[in-house]
Structure formats: structure tokens, C-alpha cells
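Enquirer: need a 3D model of the sequence below.
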Amino acid sequence: MPDIACVNGRFGPLADAVVSAEDRGFQFGDGVYEVIRTYHGQPFAIEAHLQRLERSAQALRLSTGHAPAQWISLIHEGLRLSQYPDTKIYLQVTRGQAPRDHPFPHDLAPTTVLTFRELRPFEASTRQVGVNAITVDDIRWGRCDIKSVNLLANVLARQRAKEAGAFEAILVREDLVTEGSVSNVAVVRNGGIQTAPEGNRILSGVTRAIVLEMARKEGLPVSEDFVSRADLFDASEVFLTGTTVEILSVVRVDGRMIGDGRPGAVSRLLSARWNTSVG
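Expert: Residues are numbered from 1 along each chain as shown. Predicted structure coming up:
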């Protein structure tokens, strides 16, 4: 089967999947989502992703529509049907269908959508040389810890990066680095790792948490404190973490070379440990 979708528990080709024009996800961005990847056909860190989906939904007073066991069953059925070597899975929940009005009815059945697409890993050469990034003002709303489908600010930032020939847009608010448009950002300074703390100003990534724990086990100092724009440029290394990027070195920011312009020792070590862990 080609790319597929599951809308409210029913599977079919992704090209045929539809939701109502009255769905509050379409009308208001009134929903949340998660993205899960597989390794060797198995979903990675699925419990952590589902826990975050539930936290995001609770923050919006939204039902996820399925219990964790039901989500897991639907995910495995979608993987069985799609049969990709590795798969990118999106889960999206909206408040459901209702006549357009800002206040929401309390008796709506949520709309649940899963999509299954083939995951194409980064070329090894990209990881070996690293990527470029630009900095962009962080204009997002005040609850970035909620993985909401309201992504317009991220879209505009990533588009600016693309037009600048860069891979990622690193978001900066009040001269402090928050995160990337599609990733978390960490720097290496004085041999230690520094990254923005959890809280309302970032979406704390599942991969971020795993990588920081991995670093601690390697004996690397980890500081969850905001990085200034100046510290970003002066860092010996900058790297991104995320479900699809995994651990990806940034070698130039706004045209300025980071370190010696190559992926550094810390990011190479963590990448090697990551590759071993996912096997």
C-alpha cells in the first residue's frame, strides 16, 4: 500500500483521507500532534511521544480520542499496512467538528488522524559535513511547550532558512536562543553542553531528553540554561536534536563559522552512541 492514513480509526490511502471543513483543527488550529519514527520497522520511544501528546491535549482541555493502548494498536496496524523499511508517523488530534465559533462545545468527538509515510534518512555525507543555520526572531505564542498544530511562525522561520540556503532557523527571543523551527538546539562550550531549559518557551523534545541523558552517562557536563546569541556564535559546537534529525551538527550560523567549521568531538561521540542505541 502507498502512503496511508487512518481517520477516526479507519484506514485508507492518504490521498483519499478527508476531514470536515467545519473541523476546528482547520478553522482554528485547535489541536495537537506528535511525530514518531521507526527504526528497523519498530516505533521508537512510543510511550514518551504518547505521554507528550496527552500533556499537550490536557493543556488545551482536549480529549485525545484514544487510550495509549489504542494508539499503539493503530500505529502497529498502519506499519503493517504500509510495509515501509522505516516510517514517519504523524498523529494529530483536533477538538472535532462544530459550527465555526470561538468558544467550543464540550460534547464534541475529537478528530484523530494518523499518517504513515516512508522515512528517508539523511545522507551520511550531510552528517559528516554538518549543516548551516540562520537566526530568526522567535515570534511564537507563549505556550511553546504545547505541541500544537498552530505552526505558522515555525513555517515562516523555516521558509526563511530555505530561502537563505540553510537547513534550520534558530529562534532567538530577547537575545536568548530558544530552539529551532523543527528541532531543539544545543551548544558545546568549555567541554560542556548547554541548551534551553524546559518550560513554556520551548517544546522539550523526546530526542533532546534522550541525548542529554546519554551525555550525562558519558560524563559530559550538561547545563539547561538559555544560551545568548553571542554564546551561540562563540560556541565550539552547535548541534540540533529531533525525531527525524536525530543529532545533527551545525557548522555555520548566519554565515559565521562555528568552531573549526566541522562537526565537533562531542556531537560525533553522541551520534556514535545514538547509532549504537538504535542499532
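Enquirer: all helices for the stretch 151-279 of the chain, in order.
Expert: Remark: helices assigned in the stretch 151-279 of the chain by DSSP state H, counting those that start in this stretch are 152-163, 206-217, 229-234, 265-278.
Enquirer: okay, now the domains of the protein?
Expert: Split into domains by automatic domain parsing, the chain comes to 4-118, 124-278.
Enquirer: give me the low-pLDDT residue ranges for the stretch 1-150 of the chain?
Expert: Within the stretch 1-150 of the chain, the stretches with pLDDT under 70 are 1.
Enquirer: and the helices in it, which stretches?
Expert: For the stretch 1-150 of the chain, applying DSSP H, counting those that start in this stretch gives helices covering 24-28, 46-59, 68-82, 124-129.
Enquirer: any chance of the ones you listed in CSV, with distance to Thr111 and mean neighbour count too?
Expert: Where you see a C-beta, it was placed from the backbone N, CA and C, and this is true even at glycine. Below are those laid out as CSV (distance: least, C-beta to C-beta, whole Å; neighbours: other C-beta atoms under 10 Å):
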stretch, distance to Thr111, mean neighbour count
helix 24-28, 6, 19
helix 46-59, 13, 18
helix 68-82, 14, 16
helix 124-129, 36, 12
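Enquirer: closest to Val149 out of these?
Expert: For Val149, the closest of these is helix 24-28, at 6.0 Å, according to C-beta to C-beta.
Enquirer: please compute how far that closest one lies from its chain's middle.
Expert: Computed by C-alpha atoms, centre = their mean, to the nearest Å, the chain-centroid distance of helix 24-28 equals 21 Å.
Enquirer: mind exporting it as PDB, just the C-alpha atoms?
Expert: Extracted C-alpha coordinates of helix 24-28, given in PDB (Å, rounded to 0.1, in the frame of the first residue of the first chain):
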ATOM      1  CA  ARG A  24     -11.800  23.100  14.400                       C
ATOM      2  CA  GLY A  25      -8.300  22.000  13.500                       C
ATOM      3  CA  PHE A  26      -8.900  23.500  10.100                       C
ATOM      4  CA  GLN A  27     -10.800  26.500  11.300                       C
ATOM      5  CA  PHE A  28      -8.800  27.500  14.400                       C
END
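Enquirer: can you tell me what sits against it?
Expert: For helix 24-28, the external contacting residues (C-beta atoms under 8 Å, 6 or more residues apart in numbering) are 19-20, 30-31, 92, 94-98, 100, 102, 104, 108, 111, 149.
Enquirer: closest to Ala15 out of the helices of the stretch 151-279 of the chain?
Expert: Across the helices of the stretch 151-279 of the chain, closest to Ala15 is helix 152-163 (C-beta to C-beta), at 22.5 Å.
Enquirer: alpha carbons of that closest one, as PDB, please.
Expert: Extracted in PDB, the C-alpha atoms of helix 152-163 (Å, rounded to 0.1, in the frame of the first residue of the first chain):
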ATOM      1  CA  LEU A 152       2.600  29.300  11.200                       C
ATOM      2  CA  ALA A 153       5.600  31.100  13.000                       C
ATOM      3  CA  ASN A 154       7.700  27.900  12.500                       C
ATOM      4  CA  VAL A 155       6.600  27.700   8.900                       C
ATOM      5  CA  LEU A 156       7.700  31.200   8.200                       C
ATOM      6  CA  ALA A 157      11.000  30.700  10.000                       C
ATOM      7  CA  ARG A 158      11.800  27.500   8.200                       C
ATOM      8  CA  GLN A 159      10.900  29.100   4.900                       C
ATOM      9  CA  ARG A 160      13.400  32.000   5.600                       C
ATOM     10  CA  ALA A 161      16.000  29.300   6.300                       C
ATOM     11  CA  LYS A 162      15.300  27.600   3.000                       C
ATOM     12  CA  GLU A 163      15.400  30.800   1.000                       C
END
